[in-house]
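Novice: Would you be able to build a 3D model of this:
(2 chains)
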There are 2 protein chains.
Amino acid sequence: MTADRIYNFSAGPSMLPVSVLEKAASEMLNYRGSGMSVMEMSHRSKVYQAIFDETKADLKSILKVPDTHEVLFMHGGATAQFAAVAMNLIGKTGKADYAVTGNFANLAKKEAAKYGDVAEACSSADKNHTYIPAQSDIKVRPDASYFYYCSNNTIYGTEWSYVPETAGIPIVCDMSSDILSKPVDVSKYGVIFAGVQKNMAPAGMAAVIIDKSLAGNELAITPTIMNYKTTIEKDSMYNTPPCYTIYMLGLVLKWVQSMGGLEAMETIKREKAALLYDYLDNSTLFKACCNDSASRSDMNVTFNTGNEELDAQFASEAGKAGMSNLKGHRNVGGMRASIYNAMPVEGVKKLVEFMKDFEMRNK
Amino acid sequence: MTADRIYNFSAGPSMLPVSVLEKAASEMLNYRGSGMSVMEMSHRSKVYQAIFDETKADLKSILKVPDTHEVLFMHGGATAQFAAVAMNLIGKTGKADYAVTGNFANLAKKEAAKYGDVAEACSSADKNHTYIPAQSDIKVRPDASYFYYCSNNTIYGTEWSYVPETAGIPIVCDMSSDILSKPVDVSKYGVIFAGVQKNMAPAGMAAVIIDKSLAGNELAITPTIMNYKTTIEKDSMYNTPPCYTIYMLGLVLKWVQSMGGLEAMETIKREKAALLYDYLDNSTLFKACCNDSASRSDMNVTFNTGNEELDAQFASEAGKAGMSNLKGHRNVGGMRASIYNAMPVEGVKKLVEFMKDFEMRNK
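Specialist: Reported below is the predicted structural model:
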């Protein structure tokens, strides 16, 4: 850890590996002898195409994307995909079913309702989204064009520990906040998408992995920039892509590879999450918001003291001690420690030590 | 000019000021004592909000944006705006009229036709877009929701030297390739938008300046991320914005201010363009593609020798001499020198000297 940097527990945008930032800074004025910054390159140039191709190939390799699927880089983050998913896919039957396990799944469902008949396949709203529904709770209509869920709920600190069974209905998954944190069987999904600003790159783009056989069902009113078929055909360059964001993603992917790939990332994230949950489960001051261990998120650990003033005092004192953005989302209050891939184990250890000290001082 | 950098004549993405890149590199790991990169900041944090607010205020100040208008930062570049403009504005009467003076105006017109009754107000297709139509050639329907034009045509090297009269019909203008190159009377426009990757910032965003009274007419199928009314209400943060791109725009705007603002930028761009056009008009080898002086672009100077092999030889030799991306667009062939704000006068002088030398060697 560079001496003057802090541990940033923001839910996103969030920390990037220091080595990635150092590389980006060193290449800012002259990318590898090209005489220009990556920011200045024509997206149609050979030097930029090589960056693009390598980034895409690395993402395919790291996630073991099968040949049935294509990787797309699209403008606009997950919110753009909330509309794009429905515009591109719902036209097949006019229907789609959503698992509502948090704020962003709910927003995705509302957005999709502009474009067709959208139903709730299951919901965790009855307990303020503190758990993930069981397979037996999920009802998918046999004529749904797709089933949609959000694999990790940043606000509530819950994460799906299983891939739902849908009897052949294509699965669409928003993996914005846990992509690249563990191996995924891509072949089980129709569409995976992720806003990049948590585990992948700076904000402003979505990575989309799509079963190519699902493309071509878009509604006539789909903006070209959101059209999956066009984006596949043009290899994500129908228009100028967010070139520098793709370059940054490429640097992050090299870092993931250097760490040992997704198996290693999973080991590390489990270690980090266990440090926090083990402490929380034994604390007399702090308690985890999610008590169902199978529903707990390894990316966003939500907790509180049960005392709003003490919660605020904790977040404030932690900030002064070099651990920022620990205040929870307004929907749930309390605290939230977002511990994505780039958060070092040392940051989590420092947080746990600080919590222990705070507990001692506030018994 | 840093010794190992080249002069990049790309039509976009394109050169950024060296001082801007140096600043970005120096702040990459720790933005002004925050302990983090701008890429890592929560968009809801005070430190990022200050960057956002200052960038927006600087853009308003530089362009003298009146209080009737609002500045938006939206995902996706100009191509996203091709759809957004129509989805947000055409609903008022169902009709819109387009001036087709090049490739991108034509693409915008085609995209808009998905959402309503779209007509051609004028076209320069009869002479392969080598001129800008006169006011008397423009037919705007009295019940059009808006009139649309593209102020500078990168591929053909033409630029509007006047703002069309439309008898009260709101004017929408794509200023992607000449925004910030000269003062503009924003009050004359309903909507100005610009993909940022030429004169503003790295690719992946559009700056939008909108007369607030035009918002609220969006079609029901408008994706939330493209909704002008929502974007105004949420101050461009309905979802996570392209935070780093906004920061880079902020650095570029400080540079524009340091250069003397838009009056100074206009003087400099006229000087650069005159260097090229004056030489072209007197050359026996090279000729400008656009012969109507009132239609010539100061941003993209298109020219050729009339000999395809010689054109290719020129672009190749220039590349080896440190002047890249001079090959013209495939629609017109020949050469194109894009000389946006960040291209130094020295770069244009070097190009003219090189052209003179090439002419001597190839008489």
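Novice: Just give me the neighbour total for residue A:27.
Specialist: 16 (other Cβ atoms under 10 Å in any protein chain shown). C-beta: built from backbone N, CA, C; applies to glycine.
Novice: these two touch, right, it and residue A:38?
Specialist: Yes: with contacts counted by Cβ atoms under 8 Å, residue A:27 reaches residue A:38, the gap being 6.9 Å.
Novice: Show the contacting residues for the residue lying closest to residue A:36 once chain neighbours are set aside.
Specialist: Using Cβ to Cβ, 6 or more residues apart in numbering or on different chains and skipping the chain neighbours, the partner closest in space to residue A:36 is residue B:8 (5.2 Å). If you count contacts by Cβ atoms under 8 Å, 6 or more residues apart in numbering or on different chains, residue B:8 has them with A:35, A:36, A:40, A:41, B:14, B:15, B:324, B:325, B:343.
Novice: Read off the pLDDT value for residue A:1.
Specialist: pLDDT recorded at residue A:1 is 48.
Novice: The stretch 1-150 of chain A: strands as residue ranges?
Specialist: Remark: strands assigned in the stretch 1-150 of chain A by DSSP state E, counting those that start in this stretch are A:7-8, A:69-75, A:95-100, A:117-123, A:147-150.
Novice: What's the first helix or strand after the last one?
Specialist: Think strand A:147-150. strand A:152-153 (DSSP states H and E).
Novice: So which elements touch the helix or strand following that following strand?
Specialist: Using DSSP H and E, the next helix or strand after strand A:152-153 towards the C-terminus is strand A:158-159. For strand A:158-159, the elements it packs on are strand A:152-153, judged by 3 or more Cβ pairs under 8 Å, 6 or more residues apart in numbering or on different chains; DSSP states H and E.
Novice: Give the pairing partners of the strand it packs on; include direction for each.
Specialist: strand A:158-159 (antiparallel) (DSSP bridges).
Novice: the helices in chain A, which residues?
Specialist: Assigned by DSSP state H, the helices in chain A fall at A:18-26, A:46-62, A:77-89, A:103-112, A:228-233, A:243-259, A:261-282, A:308-320, A:345-361.
Novice: okay if I get these as TSV plus distance to chain B, mean neighbour count and mean pLDDT?
Specialist: TSV is the format used below for those (distance: least, Cβ to the nearest Cβ, whole Å; neighbours: other Cβ atoms under 10 Å in any protein chain shown; pLDDT from 0 to 100):
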stretch	distance to chain B	mean neighbour count	mean pLDDT
helix A:18-26	4	17	98
helix A:46-62	8	17	98
helix A:77-89	3	27	98
helix A:103-112	6	21	98
helix A:228-233	11	18	98
helix A:243-259	5	21	98
helix A:261-282	17	16	98
helix A:308-320	10	16	97
helix A:345-361	12	16	98
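Novice: Tell me which two in the contacts of residue B:8 are the farthest apart.
Specialist: A:41 and B:343 (14.9 Å; Cβ to Cβ).
Novice: between those two, which one's more packed in?
Specialist: residue A:41 (27 against 23).
Novice: The more buried one and residue B:14, how far apart?
Specialist: 9 Å (Cβ to Cβ, to the nearest Å).
Novice: if we can go back for a sec, mind checking which of the helices of chain A is nearest residue B:314?
Specialist: Nearest of the helices of chain A (Cβ to Cβ): helix A:46-62, 18.6 Å.
Novice: Spit out the contact partners of residue A:30.
Specialist: Applying Cβ under 8 Å, 6+ apart, we find residue A:30 in contact with A:36, A:37, B:2, B:4, B:5.
Novice: May I see the PyMOL selection of the buried members of these?
Specialist: Buried residues within these, by 16 or more other Cβ atoms under 10 Å in any protein chain shown, are selected in PyMOL with:
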select buried, (chain A and resi 36+37) or (chain B and resi 5)
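Novice: Can you lay out the contacts of residue A:30 as a markdown table showing distance to residue A:95?
Specialist: What follows is those, written out as a markdown table (distance: Cβ to Cβ, whole Å):
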| residue | distance to residue A:95 |
| --- | --- |
| A:36 | 49 |
| A:37 | 47 |
| B:2 | 58 |
| B:4 | 58 |
| B:5 | 55 |
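Novice: and which of the contacts of residue A:30 is nearest to residue A:148?
Specialist: residue A:37 (38.5 Å).
Novice: any chance you could read off phi and psi for the closest one?
Specialist: phi -80, psi 150 (degrees, to the nearest 10).
Novice: is it true that it touches residue B:22?
Specialist: No: with contact defined as Cβ under 8 Å, residue A:37 does not reach residue B:22; the gap is 10.4 Å.
Novice: Identify the contacts common to those two.
Specialist: With Cβ under 8 Å, 6+ apart as the test, residue A:37 and residue B:22 both reach A:28, A:29.
Novice: Grab the nearest non-local neighbour of residue A:19.
Specialist: Here the residue nearest residue A:19, using Cβ to Cβ, 6+ apart, is residue A:255, at 6.2 Å.
Novice: Now do the contacts for that neighbour.
Specialist: Neighbours of residue A:255 in contact, by Cβ under 8 Å, 6+ apart: A:17, A:19, A:20.
Novice: Now for the last one: which residues touch it?
Specialist: Shown in contact with residue A:20 (Cβ under 8 Å, 6+ apart): A:248, A:251, A:252, A:255, A:342.
Novice: just the first one next, same as before
Specialist: For residue A:17, the residues meeting the contact criterion (Cβ under 8 Å, 6+ apart) are A:252, A:255, A:341, A:342.
Novice: Distance to residue A:299 added to those, as a markdown table?
Specialist: As requested, these are arranged in a markdown table below (distance: Cβ to Cβ, whole Å):
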| residue | distance to residue A:299 |
| --- | --- |
| A:252 | 16 |
| A:255 | 17 |
| A:341 | 9 |
| A:342 | 12 |
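Novice: from these, which is closest to residue B:205?
Specialist: Taking Cβ to Cβ as the measure, residue A:252 is the one of these closest to residue B:205, at 20.4 Å.
Novice: I'd like to know how far that closest one sits from residue A:17.
Specialist: Residue A:252 sits 7 Å away from residue A:17, going by Cβ to Cβ.
Novice: what's the overlap in contacts for these two?
Specialist: Contacts common to residue A:252 and residue A:17, judged by Cβ under 8 Å, 6+ apart, are residue A:342.
Novice: Not counting sequence-adjacent ones, nearest residue to residue A:242?
Specialist: Residue A:242 sits nearest to residue B:204 (Cβ to Cβ, 6+ apart), 3.0 Å away.
Novice: Quick one: end-to-end distance for stretch A:321-335.
Specialist: 16 Å (Cα to Cα, to the nearest Å).
Novice: hmm, I was thinking of stretch A:86-94
Specialist: 9 Å.
Novice: centre of the chain versus that stretch, how much separation?
Specialist: Put simply, stretch A:86-94 sits 24 Å off its chain's centre (Cα atoms, centre = their mean, to the nearest Å).
Novice: Stretch A:178-193 too?
Specialist: Between the centre of stretch A:178-193 and the centre of its chain there are 11 Å (Cα atoms, centre = their mean).
Novice: re the thing from before, of the contacts of residue A:30, closest to residue B:83?
Specialist: Once Cβ to Cβ is applied, the member of those that ends up nearest residue B:83 is residue A:37, at 29.6 Å.
Novice: Which parts of chain A belong to which domain?
Specialist: Domain assignment for chain A by automatic domain parsing gives A:21-257, A:261-361.
Novice: Pull the contacting residues for residue A:201.
Specialist: A:16, A:245, A:246, A:248, A:249, A:252.
Novice: Could you point out which of the residues you listed is nearest to residue B:80?
Specialist: Once Cβ to Cβ is applied, the member of those that ends up nearest residue B:80 is residue A:245, at 15.0 Å.
Novice: what's the spacing between the residue nearest to residue A:111 when sequence neighbours are not counted and residue A:96?
Specialist: Distance criterion Cβ to Cβ, 6+ apart; nearest residue to residue A:111, sequence neighbours excluded, is residue A:82 at 4.0 Å. Using Cβ to Cβ, one gets 12 Å for the distance from residue A:82 to residue A:96.
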